[in-house]
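Student: quick one: sequence plus predicted model below, questions after.
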Amino acid sequence: MTDPKKLFIKTYGCQMNVYDSERMAEALGAEGYVATDIAEDADMVLLNTCHIREKAAEKVYSELGRLKPLKLAKPHLKIGVAGCVAQAEGEEIIRRMPIVDVVVGPQSYHRLPAMARAAEAGRKSVVTEFPVEDKFDHLPARPLATTRPAAFLTVQEGCDKFCAFCVVPYTRGAEVSRPAQRIIAEARALVDKGVREITLLGQNVNAYHGTGAGGDWGLARLVRELAAIDGLARIRYTTSHPNDMSDDLIAAHGQEPKLMPYLHLPVQSGSDRILKAMNRRHTAENYIRLVERIRAARPDIMMSGDFIVGFPGETDADFEATLELVREVKYGMAYSFRYSARPGTPAAERPEVAAEIADARLQMLQALIARQQREAQEAMVGRKVSVLFEKPGRLAGQLVGKSDYLHAVHVTAASAALGDIAKVRITESAANSLAGELIAE
């Protein structure tokens, strides 16, 4: 009996790429590949790439350069590049890096089995078009093996917003929503394997409009239907656009107990002038009033957001408006980045803010966000929360999980097991996590 072929996947970027990597591994599993955590042991190395951050493509080429010696030592090794950098670069990847055998965009990875067979026969292949067929129709059923207590589930892909700084519409394509019943079936399969929490994913997830019984369903209807699944205890979703927070979805946050009290709602800037230049199509006032409505529906909800500092044309006054918005909203956490031009986007043609000014602004913003995060975590001390235990901690008898509010919580819980949801009293706040103790039922 021959040894199974081994597959090593390195995943960059967002939660959707994590989900995509799992599905790629499942698709290649049908070709006899089994996962390995050691690249040197692999028969195929697959880089699942992200094109959002600064110099994303060059980082991929650097990683491919590091794989050259491994390819020389193992000539049979196949190397693939998937994801958004693959979509953006296409044939250029093989031209610059002849060690690459497979280049596949994020909407075409259902073709990986055939591409792997071609690579094994000595033929290189590049597939980066947006296919007519739905890739999910061509992926194998999810395996029956036990999985983690929390899982991602893609429900929507692509974006029609065309923010001036963003490559997603070009690398992921137009907005497409999966049919509701297929999502529900996949969710049931995950729950049957022990999943207790599902995070619904989409580049613009609250724009979800999938075909369901009686017509198109919005995200709120989908959440409510998923909540009816026995054994599914928690539902989250990310990432959202302010313009797609429907009344029904806002109401669901107050009405559906399984929808967790945490919402990631990017705004990017507090300046109306910069928001217009970004093509965000909302104002800072619109966003603040929206947050007020969400908090009215679910008063304890934890908000997080995204911010870009140093967008072309940003002045000191524009940046101060961003700081003011952050002070008013009071985030539990937020992600902030210095603007970096993405080739092919409208903003890439505009003069950039001086790097030293953008860096100084970013440090100021991150200090404010860090202070708010610290205050939010310290406010949790003494509170009782529910924690889903997801992995062992570093200490004997310790488990680590996520609270309702997505805080990482460390608990000494010898009597608990992975996958349990337990009541915990928070006893301590650390830099990026909380500590707690089990509450006797």
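Tutor: Alright, I've got the coordinates. Residues are numbered from 1 along each chain as shown.
Student: which residues does the residue lying closest to T239 once chain neighbours are set aside form a beta bridge with?
Tutor: Of all residues beyond its chain neighbours, the one nearest T239 is H264 (5.8 Å), with distances taken as Cβ to Cβ, 6 or more residues apart in numbering. For glycine as for every other residue, the C-beta is placed from the backbone atoms N, C-alpha and C. Under the criterion DSSP bridges, H264 forms beta bridges with S304.
Student: H264: neighbour count?
Tutor: 20 (other Cβ atoms under 10 Å).
Student: likewise for S415?
Tutor: Counted with other Cβ under 10 Å, the burial measure for S415 works out to 10 neighbours.
Student: contacting residues around it?
Tutor: Counting by Cβ atoms under 8 Å, 6 or more residues apart in numbering, S415 makes contact with L438.
Student: now it: phi and psi?
Tutor: Dihedral angles phi and psi of S415 (degrees, to the nearest 10) take the values phi -90, psi -10.
Student: tell me which other helices or strands the helix or strand harbouring I9 touches.
Tutor: Element membership for I9, per DSSP states H and E: strand 5-11. Helices and strands touching strand 5-11, as assessed by 3 or more Cβ pairs under 8 Å, 6 or more residues apart in numbering; DSSP states H and E, comprise helix 15-29, strand 33-35, strand 44-49.
Student: tell me which strands the shortest one pairs with, and in which orientation.
Tutor: Think strand 33-35. Next to strand 33-35 in the sheet, as set by DSSP bridges, lie strand 5-11 (parallel).
Student: what residues sit buried inside the partner strand?
Tutor: The neighbour-count criterion (16 or more other Cβ atoms under 10 Å) identifies 5-9, 11 as the buried residues of strand 5-11.
Student: could you pull out the strands for the stretch 1-150 of the chain?
Tutor: Defined through DSSP state E, counting those that start in this stretch, the strands belonging to the stretch 1-150 of the chain, from first to last, are 5-11, 33-35, 44-49, 78-83, 102-104, 125-127, 150-154.
Student: could I have the fourth one exported to CSV, CA atoms only?
Tutor: Okay, so that is strand 78-83. Listed in CSV are the C-alpha atoms of strand 78-83, where the atom choice follows Å, rounded to 0.1, in the frame of the first residue of the first chain:
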residue,chain,number,x,y,z
LYS,A,78,4.0,20.5,-6.3
ILE,A,79,3.6,24.2,-5.4
GLY,A,80,0.3,26.1,-5.7
VAL,A,81,-0.8,29.7,-5.2
ALA,A,82,-4.5,30.2,-4.4
GLY,A,83,-6.6,33.1,-3.2
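Student: give me the helix or strand of this protein that scores worst on average pLDDT.
Tutor: Per-element confidence for the chain was summarised using mean pLDDT, DSSP states H and E. The lowest value among helices and strands belongs to helix 135-138, with a mean of 70.
Student: of the strands of the stretch 1-150 of the chain, which is nearest H410?
Tutor: Ranking these by proximity to H410 (Cβ to Cβ) places strand 150-154 first, at 16.4 Å.
Student: and that closest one, what does it pack onto?
Tutor: Taking 3+ Cβ pairs under 8 Å, 6+ apart as contact, the helices and strands that strand 150-154 lies on are helix 15-29, helix 180-192, strand 197-201.
Student: between that strand and strand 197-201, how big is the angle?
Tutor: 30 degrees (axes from the mean of the first three to the mean of the last three Cα atoms, to 10 degrees).
Student: the residue nearest to T239 reaches I294, doesn't it?
Tutor: No. With the criterion set as Cβ atoms under 8 Å, H264 and I294 do not qualify as a contacting pair; they are 11.9 Å apart.
Student: the closest residue to R96 other than its chain neighbours and G344: what is the separation?
Tutor: The shortest distance from R96 to any non-neighbouring residue, by Cβ to Cβ, 6+ apart, is to Y61 (6.3 Å). Separation of Y61 from G344 (Cβ to Cβ, to the nearest Å): 18 Å.
Student: okay, and for this protein, where does confidence drop off?
Tutor: Low-confidence segments of the chain, defined by pLDDT under 70: 1-2, 53-54, 131-135, 138, 141-147, 441.
Student: now do the helices in it.
Tutor: In order along the chain, the chain carries the following helices (DSSP state H): 15-29, 56-73, 84-89, 91-96, 112-120, 135-138, 168-171, 180-192, 219-227, 247-255, 272-277, 284-297, 316-329, 355-378.
Student: who touches the fourth one?
Tutor: Okay, so that is helix 91-96. Counting by Cβ under 8 Å, 6+ apart, helix 91-96 makes contact with 60-61, 64, 81, 85-86, 100, 103, 124, 126, all of which sit outside it.
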